[in-house]
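Q: From the sequence below, what's the structure:
(2 chains)
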There are 2 protein chains.
Amino acid sequence: MTKTIAFVLYPGLTPLDLVGPLQALTVLSQLRPGFATMVVGQTLDPVATDTPLRVAADRSFEEVPEPDVLLVPGGLVPTIRALTDQRLLDYLRHAGGRAEQVTSVCTGSLLLGAAGLLEGRQATTHWAFLDALAAFGATPRRRRWAADGNVITAAGVSAGLDMALHLITRLADEDAARQVQFAIEYDPEPPLGGLSWPDAPRSLWDPLREETLRQGLADAPDLRERLLSAMR
Amino acid sequence: MTKTIAFVLYPGLTPLDLVGPLQALTVLSQLRPGFATMVVGQTLDPVATDTPLRVAADRSFEEVPEPDVLLVPGGLVPTIRALTDQRLLDYLRHAGGRAEQVTSVCTGSLLLGAAGLLEGRQATTHWAFLDALAAFGATPRRRRWAADGNVITAAGVSAGLDMALHLITRLADEDAARQVQFAIEYDPEPPLGGLSWPDAPRSLWDPLREETLRQGLADAPDLRERLLSAMR
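A: Here you go, the predicted model:
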């Protein structure tokens, strides 16, 4: 039986959240039998991202109701807006409730939370939004990725690559993860080194995350207040 | 004057080559005035990638004839096939001959080479294709990214992220690069560590790269032989 790995598309997402893991898992599907990646959305028409690139799914939600692995990318205002998109949440609830592995990148974990999939779980998200997870009954953890049972949530944007390699060790083995790592030449050398967390630009992000929640949840005051108070 | 940063789209590319730097440079354009990212292609219709995701440009080549910064992503067979796409090469030659910075990720540097932009330059590409650069008059360098004058070529796929942060220090400054790095939370933790180069799977890649060149250049025997002999 081929394992289907479904990547969820919705308008306005951060494309790197999606494409890092999609590239890694697609290489896995080429190296080893038994895996197939697909990109699922409400429409197969191109949707906007938070960059000038538009992206299009190859399957509808209806075509892939029960994938073996689910991955949900994040973003800023459009992702927060999607927290009240009932069709998307219905899909996540149905597919995520049955999948062998449920995963997210960045604020994609807030979507898992809104779908009720993080109750009582340890989880992570983009560093600036970490506290918001508590509003969905999750225990926020500051990790590159947080695995709790069959739910694996990654930190912000680029953390999806590290989480994807971990996921490959779960779905296949370490040798497969190493082969994928060579294929995408993932031997990182950030020119200024890793992040120095005491220097995190909180004075920029504290108002940005509040504004993101206010804009994205303008029509959902109850949820907006729940998230804002979790972050205070 | 706003600096235009053009990301080149063509059918079958490796989307992570494009999306890593696109995400980083788009955050720069949001943080600092004076930068605009755009995705340019022969068509605005969605094109296939080497994953199930389809992607669409927002500008035609004609609309952005002289960007300030040019970035060319790579891939496997479709990228090698594009080495004989005269409309693409004409665009790269025109735009790349005038841009302030000319950049590539992975085998995108072979496209720069085919457009005549690497003559006498030090350059890099995906590790498995490194020797092929010599066929275009370049000096192959094993680096995460190779900068020679205004031409910056990155190694395979994920190296585009590191190169993009270096490019940001050139276009703006280190503080901007750090802000972008926090935004995309680029604090890499590959679960199995970095790549151990003595263990590179050459027995897999040697036949794969040869087959890639044979398939991609089935109709261009002269170029195919030049590339194959550069790699021997």
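Q: Can you report how many residues neighbour residue A:150?
A: Counted with other Cβ atoms under 10 Å in any protein chain shown, the neighbours of residue A:150 add up to 15. Just so you know, the C-beta spots here come from the backbone N, C-alpha and C atoms, and that holds for glycine as well.
Q: measure it to residue A:100 for me?
A: Distance of residue A:150 to residue A:100, computed by Cβ to Cβ, to the nearest Å: 6 Å.
Q: In chain A, which helix is the longest?
A: Identified as the longest helix of chain A according to DSSP state H is helix A:15-31.
Q: List of residues touching the helix or strand following that one?
A: Moving toward the C-terminus from helix A:15-31, the next helix or strand (DSSP states H and E) is strand A:35-41. Outside strand A:35-41, the residues within contact range by Cβ atoms under 8 Å, 6 or more residues apart in numbering or on different chains are A:2-10, A:18, A:22, A:25-26, A:28-29, A:47, A:55-61, A:63-64, A:67, A:91, A:171-172, B:51-53.
Q: at 6 Å what do you get?
A: For strand A:35-41, contacts defined as Cβ atoms under 6 Å, 6 or more residues apart in numbering or on different chains pick out A:2-9, A:25-26, A:28-29, A:57-59, A:61, A:64, B:52-53.
Q: give me the number of residues near the closest residue to residue A:115 other than its chain neighbours?
A: Closest residue to residue A:115 apart from its sequence neighbours, by Cβ to Cβ, 6 or more residues apart in numbering or on different chains: residue A:92 at 3.9 Å. Residues lying near residue A:92 (other Cβ under 10 Å) number 27.
Q: what's the helix or strand for residue A:92?
A: Secondary structure (DSSP H and E) places residue A:92 in helix A:86-98.
Q: check contacts around residue A:63.
A: No contacts exist for residue A:63 under Cβ under 6 Å, 6+ apart.
Q: What separation do you get for it and residue B:103?
A: 38 Å.
Q: Also residue A:105?
A: In terms of Cβ to Cβ, residue A:105 sits 25 Å off from residue B:103.
Q: Who has more neighbours out of those two?
A: Neighbour count, other Cβ under 10 Å: between residue A:105 and residue B:103, residue A:105 has more, with 35 against 30.
Q: Strands of chain A, start to end?
A: For chain A, applying DSSP state E gives strands covering A:3-8, A:35-41, A:47-48, A:54-56, A:59-60, A:69-72, A:101-104, A:122-123, A:139-140, A:145-148, A:151-154.
Q: Let me have the ones you listed in CSV, extended by mean pLDDT.
A: Formatted as CSV, the strands of chain A follow (pLDDT from 0 to 100):
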stretch, mean pLDDT
strand A:3-8, 98
strand A:35-41, 98
strand A:47-48, 98
strand A:54-56, 98
strand A:59-60, 98
strand A:69-72, 98
strand A:101-104, 98
strand A:122-123, 98
strand A:139-140, 98
strand A:145-148, 98
strand A:151-154, 98
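Q: Many thanks, have a good one.
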